[in-house]
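1. sequence first, predicted model second:
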Amino acid sequence: MPVLFLTARDDMQDKIQGLTVGGDDYVTKPFGLEEVVARIRAILRRTKTTVADEPKMRVGDITLDEDAHEVHRAGTLVDL
C-alpha cells in the first residue's frame with residue numbers, strides 16, 4: 001500500500017527518515033489539495049493501482065472527496 005506523508009515537519013532529516021521508513025512521497029505544509037491529489041494519482045500510477053471513477057478515495061478511516069475538496073477522518077472533517 002502506498003504511503004504519502006502530509007506533515008508540518010519540514011526538516012531535511014524528517015523528510016529523509018519518512019522516505020527511508022517506507023514513504024512513497026513527503027509533502028509539507030502549506031500544500032494545495034490539487035497538488036496532493038496529483039501526487040496521490042502519481043503514486044497510484046507507479047504502483048499500478050487504479051482509482052475508481054468515484055470522487056471519493058478511502059483508506060482505513062480516511063476519506064478524500066475530490067469533488068468537495070475535503071478530507072474526513074473517522075467521519076470528522078480534517079482542517080487542511
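-> Cool, got the structure.

2. biggest helix in this protein, by residue count?
-> helix 33-46 (DSSP state H).

3. just after that one, pick out the following helix or strand.
-> strand 56-59 (DSSP states H and E).

4. okay, and for this structure, where does confidence drop off?
-> Filtered on pLDDT under 70, the chain yields the residue ranges 49-54.

5. one more time with 80, if that's ok
-> Within the chain, the segments meeting pLDDT under 80 span 48-55.

6. which ones are touching the spatially most distant residue from the centre of the chain?
-> In the chain, the residue that sits farthest from the middle, by C-alpha atoms, centre = their mean, is Q13; the gap is 20.0 Å. With contact set as C-beta atoms under 8 Å, 6 or more residues apart in numbering, Q13 has no partners. All C-beta atoms are positioned from the backbone trio N, CA, C, and that covers glycine.

7. tell me the SS of D14?
-> At D14 the chain is in helix, as set by DSSP: H, G, I helix; E, B strand; the rest coil.

8. so what's it closest to, chain neighbours aside?
-> Once flanking residues are discounted, D14 sits nearest to T7: 7.3 Å by C-beta to C-beta, 6 or more residues apart in numbering.

9. buried ones in the longest helix of the chain?
-> Using 16 or more other C-beta atoms under 10 Å as the test for burial, helix 33-46 gives 36, 39-40, 43.

10. R39 touches D25, doesn't it?
-> Yes. Because the distance of 5.3 Å satisfies C-beta atoms under 8 Å, R39 is recorded as touching D25.

11. overlap of the contact sets of the two?
-> With contacts taken as C-beta under 8 Å, 6+ apart, the residues that reach both R39 and D25 are L4.

12. hmm, back to that, contacts for the longest helix of the chain?
-> For helix 33-46, contacts defined as C-beta under 8 Å, 6+ apart pick out 2, 4, 6, 24-25, 27, 50-51, 57, 64, 66, 69, 80.
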